[in-house]
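Enquirer: Quick one: sequence plus predicted model below, questions after.
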Amino acid sequence: MRQALVAGNWKMNGSLENNEALLKGLLEQLDDVTAKVAVCPSFVYLSQARDLLAGSQVGFGGQDLSTEASGAFTGEISAEMLNDFGCEYVIVGHSERRDNHGETNELVAQKTQVALNAGLTPLFCVGEHLEDRESEQTEAVIAAQLDAAIETCGIDAFENIVIAYEPVWAIGTGKTATSEQAQEVHAFIRNRLAGHDQNVAKQTTILYGGSVKAANAEELFSMPDVDGGLVGGASLDAAEFAAICKAAK
Ligand code: PEP
């Protein structure tokens, strides 16, 4: 169901001490936030997040998951393990997984299905590289990423999938897409879903990610097809992240 959401991707950052200060600081500043809020810490800090966030309005999730249920897969984390710690969300197909770990559209689609099977909400990331944008391949790249998931999971599954449009050239670079650039791709994504099912397309939450900060969040989130944000660097600062959460309605 379409609902404003702001999710923080902590990536490989944090420590017991810093996380505690960050989450306690965040919880103190969310009073007038109406959007859903979530954080995705490193796996090793999930139990800390569960304990600190118990009874609060802030959900949490993993940053990746395995397609396998259990067994000889050293270093991998299964969907059921995420469930065991009370995760609500899991990021799938982040560009850092696609680029640094060779995750293909098909693998990301399988991970999305495995997350859904376990009752987790996938934060399904799509996005183009700078060279794709410069060679006018943005839509073709996003379509291929999206179509793989539609083929594997089926269109109805998108009622339970959150899409995050994250132009790779805007991640961690300080270069944000303009609100018009973001809206253009978000509308493209929603139209592509609508080609399969108009109701599902209306219901699907589509986040923007890529150097979102307090200073640009309100403008980005004011666009009709932008339902919130997936936030990296700025989610590591409680006041900054809380301000971004307030900007999502
Ligand atoms: C991200 O990694 O998902 C992200 C959007 O990072 P940043 O906000 O730092 O660009």
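Expert: Here it is on my side, so go on.
Enquirer: Show the contacting residues for residue 137.
Expert: Residue 137 is in contact with 128, 131, counting by CB atoms under 8 Å, 6 or more residues apart in numbering. No exception for glycine: its C-beta is placed from N, CA and C like everyone else's.
Enquirer: The closest residue to the ligand within the chain: neighbour count?
Expert: For the chain, the residue closest to the ligand is residue 232, as judged by CB to the nearest ligand atom, at 2.1 Å. For residue 232, the count of nearby residues is 22 (other CB atoms under 10 Å).
Enquirer: which residues does the residue lying closest to it once chain neighbours are set aside bridge with?
Expert: Leaving aside its chain neighbours, residue 232 sits nearest to residue 9 (5.1 Å; criterion: CB to CB, 6 or more residues apart in numbering). Note on residue 9: beta-bridge partners by DSSP bridges are residue 40.
Enquirer: Number the chain from 640, please
Expert: All set: I'll call the first residue 640, so the last point we hit is now residue 648.
Enquirer: What separation do you get for residue 648 and residue 713?
Expert: Applying CB to CB, to the nearest Å, the value for residue 648 to residue 713 is 24 Å.
Enquirer: These two: who's more crowded?
Expert: residue 648 (26 against 4).
Enquirer: got a list of what the most centrally placed residue in the chain touches?
Expert: Among the residues of the chain, the one closest to the centroid is residue 762, at 3.9 Å (CA atoms, centre = their mean). By CB under 8 Å, 6+ apart, the contact set of residue 762 is 646, 679, 700, 728, 729, 730, 731, 801, 803, 846, 869.
Enquirer: among the residues you listed, which are in reach of the ligand?
Expert: residue 869 (CB under 6 Å from any ligand atom).
Enquirer: CSV please, covering the contacts of residue 762 and showing neighbour count and pLDDT.
Expert: Shown next, in CSV, are the contacts of residue 762 (neighbours: other CB atoms under 10 Å; pLDDT from 0 to 100):
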residue, neighbour count, pLDDT
646, 27, 98
679, 27, 98
700, 26, 98
728, 23, 98
729, 26, 98
730, 26, 98
731, 29, 98
801, 25, 98
803, 26, 98
846, 28, 98
869, 27, 98
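Enquirer: Show me where the protein has its strands.
Expert: 644-648, 675-679, 697-701, 728-731, 760-765, 801-804, 845-848, 867-870 (DSSP state E).
Enquirer: remind me which residues of this structure are low pLDDT?
Expert: The model of the chain has pLDDT under 70 over residues 640.
Enquirer: May I ask you to confirm that residue 684 is in contact with residue 653?
Expert: Yes: under the criterion of CB atoms under 8 Å, residue 684 makes contact with residue 653 at 5.7 Å.
Enquirer: My guess is residue 646 contacts residue 674. True?
Expert: No: counting by CB under 8 Å, residue 646 does not reach residue 674; the two are 10.0 Å apart.
Enquirer: Enumerate the residues of this structure near the ligand.
Expert: So far as CB under 6 Å from any ligand atom goes, the chain lies against the ligand at 648, 805, 810-811, 848-851, 869-873.
Enquirer: Could you identify which of those has the most neighbours?
Expert: residue 851 (31 neighbours).
Enquirer: Assess the claim that that residue and residue 873 are in contact.
Expert: Yes: under the criterion of CB under 8 Å, residue 851 makes contact with residue 873 at 6.2 Å.
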